[in-house]
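Asker: missing the sequence, but the structure's below:
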Ligand SMILES: [Zn+2]
């Protein structure tokens with residue numbers, strides 16, 4: 001009897017204990033889930049792949065305190081010098097202009113090297129294509145990268161603290177990523193910007209060298225640009241035309257870059273401060289930088305290894321060349337004279353053709369090297385230099401055993417991407433982030449599936465580049 005009476009009591013007790021255990025388990029589970037979710041939110045980089053040049057140096061996190069919109073920002077912290085980025089492979093259509101934007105904020109970003117171009121930026125991995133680079137401590141601002149997909153089907157778009165030119169330390173927050181596709185311009189009229197840097201004031205081997213461009217130099221360059229404008233349609237047999245603006249820059253050139261092969265020259269980063277205001281919202285297709293790196297007094301103080309023009313560079317995707325004024329004031333290199341030089345625009349044309357040569361190659365065309373004129377039987381002639389070679393080069397009229405070669409006709413339409421390409425553009429959803437919990441859970445499962453697939457395929461995500 002007693003036993004029978006006690007049974008329901010014990011049962012009740014057990015039930016209560018079981019319920020308590022269940023509640024505790026549920027609470028623990030919920031706490032675990034909460035922390036797991038917090039961890040996930042702090043570390044979730046969506047589809048982005050993290051990448052560093054010095055592995056395990058930078059910290060990648062999602063920040064809930066320092067953010068631009070209601071979503072957590074993406075933060076890179078580099079306590080030591082590093083080049084760190086998170087990137088996503090984006091599918092693109094060939095030969096189309098694209099614009100990528102984001103909001104960025106920086107704290108104490110400082111670079112090892114004293115050059116612009118390093119800092120918080122948007123860039124395409126394994127290329128020189130990048131946005132402006134933000135350094136120091138700066139509040140949220142919008143930055144953009146405009147590029148042409150050229151011959152590519154995919155590009156790795158990275159949000160980066162560092163750069164291909166060097167490393168930085170500090171903190172950067174990124175947010176609100178967008179990408180849009182624009183419309184290419186069909187015109188074959190090329191718009192040139194010619195900057196004359198009137199003063200060079202540099203320290204080379206502890207020696208301060210000050211050089212001035214003379215009024216005669218400026219007259220010569222103005223005449224030569226006008227000749228260049230007229231020569232381009234003539235030599236290309238109407239395949240392209242040119243227009244131009246000349247800017248005389250008073251702010252001295254104080255920085256130069258050095259290259260073992262060429263010696264000193266002005267890289268896009270060296271002159272960015274002098275030219276950037278003139279290029280804002282402008283639609284230039286090519287940039288000439290005219291500068292003086294020597295004169296009769298300073299003949300060999302700035303090492304130049306035999307160049308008068310230097311090309312194949314780009315300023316945010318736009319072709320960029322140096323045109324060096326001769327050290328000798330009696331030189332006729334940029335002066336028309338019927339008995340000495342009837343083709344003074346040669347250096348300008350040569351450097352511009354280097355850009356077309358590079359563009360053709362980037363679009364997958366096979367073109368002869370611009371310097372190979374002798375290989376195809378051309379020579380440097382008195383009065384006109386390599387004029388005939390350039391004409392045949394521009395018109396794909398160089399004879400070889402296997403047919404005619406030269407620049408493809410299409411290259412005259414393959415201009416750099418620029419702001420005006422985006423007047424009618426459409427947004428691409430590539431950087432879309434989950435908007436709510438359901439989308440987040442969906443994404444977690446998608447990522448898990450991807451990871452399982454990766455394990456089965458025995459693939460590894462490469463962290464280093
Ligand atoms: Zn050359």
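Answerer: That came through fine. Just so it is clear, the model here is predicted, and its values are computed rather than measured. Residues are numbered from 1 along each chain as shown.
Asker: in this protein, which residue is closest to the centre?
Answerer: Computing the C-alpha centroid of the chain and ranking residues by Cα atoms, centre = their mean puts residue 129 first, at 1.8 Å.
Asker: Per-residue pLDDT of that one, please?
Answerer: Listed pLDDT for residue 129 reads 93.
Asker: Can you list the low-confidence ranges for this structure?
Answerer: Applying pLDDT under 70 to the chain picks out residues 1-7, 451, 454-465.
Asker: thinking again about what came up before, surely the residue nearest to the centre of the chain and residue 362 touch.
Answerer: No - the criterion here is Cβ atoms under 8 Å, and residue 129 misses it with residue 362 at 10.8 Å. The way it works is simple: take the backbone N, C-alpha and C, and place the C-beta from them, glycine included.
Asker: thinking again about what came up before, quick one: residues contacting the residue nearest to the centre of the chain.
Answerer: Neighbouring residues of residue 129 by Cβ atoms under 8 Å, 6 or more residues apart in numbering: 123, 145, 147, 316, 317.
Asker: cool, and residue 328?
Answerer: Taking Cβ under 8 Å, 6+ apart, we find residue 328 in contact with residue 296.
Asker: what's stretch 162-171 in contact with?
Answerer: The list of residues contacting stretch 162-171 from outside it, by Cβ under 8 Å, 6+ apart, reads 53-54, 75-85, 106-113, 115, 117-119, 121, 123, 127-128, 130, 133, 135, 161, 269.
Asker: And this structure, what are its domain boundaries?
Answerer: According to automatic domain parsing, the chain comprises the domains 1-43, 49-184+421-433, 189-416.
Asker: Just send those back as JSON lines, with distance to residue 447 too.
Answerer: Shown next, in JSON lines, are the domains of the chain (distance: least, Cβ to Cβ, whole Å):
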{"stretch": "domain 1-43", "distance to residue 447": "10"}
{"stretch": "domain 49-184+421-433", "distance to residue 447": "12"}
{"stretch": "domain 189-416", "distance to residue 447": "33"}
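Asker: so which of the ones you listed gets nearest residue 441?
Answerer: Taking Cβ to Cβ, domain 1-43 is the member of the domains of the chain nearest to residue 441, at 9.9 Å.
Asker: Out of the contacts of stretch 162-171, list just those in helices.
Answerer: residue 269 (DSSP state H).
Asker: May I see the ChimeraX selection of the buried members of the contacts of stretch 162-171?
Answerer: Buried members of these, defined by 16 or more other Cβ atoms under 10 Å, are picked up in ChimeraX with:
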select :53,75,76,77,78,81,82,83,84,85,106,109,111,115,117,118,119,121,123,127,128,130,133,135,161,269
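Asker: So what pairs up with residue 404 in the strands?
Answerer: Under DSSP bridges, the beta-bridge partners of residue 404 are residue 399.
Asker: Give me the distance between the two termini of stretch 38-53.
Answerer: End-to-end distance of stretch 38-53 (Cα to Cα, to the nearest Å): 28 Å.
Asker: What segments of the stretch 351-465 of the chain are helices?
Answerer: With DSSP state H, counting those that start in this stretch as the criterion, the stretch 351-465 of the chain has helices at 387-394, 437-457.
Asker: buried residues in the shortest one?
Answerer: It stands for helix 387-394. Of all the residues in helix 387-394, those buried under the rule 16+ other Cβ under 10 Å are 387, 389, 390, 391, 392, 393, 394.
Asker: Surely the fourth one and residue 407 touch.
Answerer: No - with contact defined as Cβ under 8 Å, residue 391 does not count as touching residue 407 (11.2 Å).
Asker: hmm, back to that, quick one, which of the helices of the stretch 351-465 of the chain is packed in tightest?
Answerer: Across the helices of the stretch 351-465 of the chain, the average number of neighbours (mean count of other Cβ atoms under 10 Å) peaks for helix 387-394, which reaches a mean of 21.
Asker: just checking, what packs against that helix?
Answerer: Packing partners of helix 387-394 (3 or more Cβ pairs under 8 Å, 6 or more residues apart in numbering; DSSP states H and E): helix 215-235, helix 346-362.
Asker: which one of the ones you listed lies closest to residue 139?
Answerer: Using Cβ to Cβ, the helices and strands packed on helix 387-394 put helix 346-362 closest to residue 139, at 36.5 Å.
Asker: Quick one: distance of that closest one to the chain centre.
Answerer: Helix 346-362 sits 19 Å away from the centroid of its parent chain (Cα atoms, centre = their mean, to the nearest Å).
Asker: ok, now stretch 59-74?
Answerer: The chain centroid and the centroid of stretch 59-74 are separated by 25 Å under Cα atoms, centre = their mean.
Asker: ok, now stretch 321-340?
Answerer: Centre-to-centre, stretch 321-340 and its host chain are 33 Å apart (Cα atoms, centre = their mean).
Asker: buried ones in it?
Answerer: For stretch 321-340, by 16+ other Cβ under 10 Å, it's 321, 322, 323, 324, 325, 326, 327, 333, 334, 335.
Asker: count of residues packed around the residue nearest to the fifth one when sequence neighbours are not counted?
Answerer: Closest residue to residue 325 in three dimensions, ignoring its sequence neighbours and counting by Cβ to Cβ, 6 or more residues apart in numbering: residue 292, at 4.5 Å. Using other Cβ atoms under 10 Å, residue 292 has 22 other residues around it.
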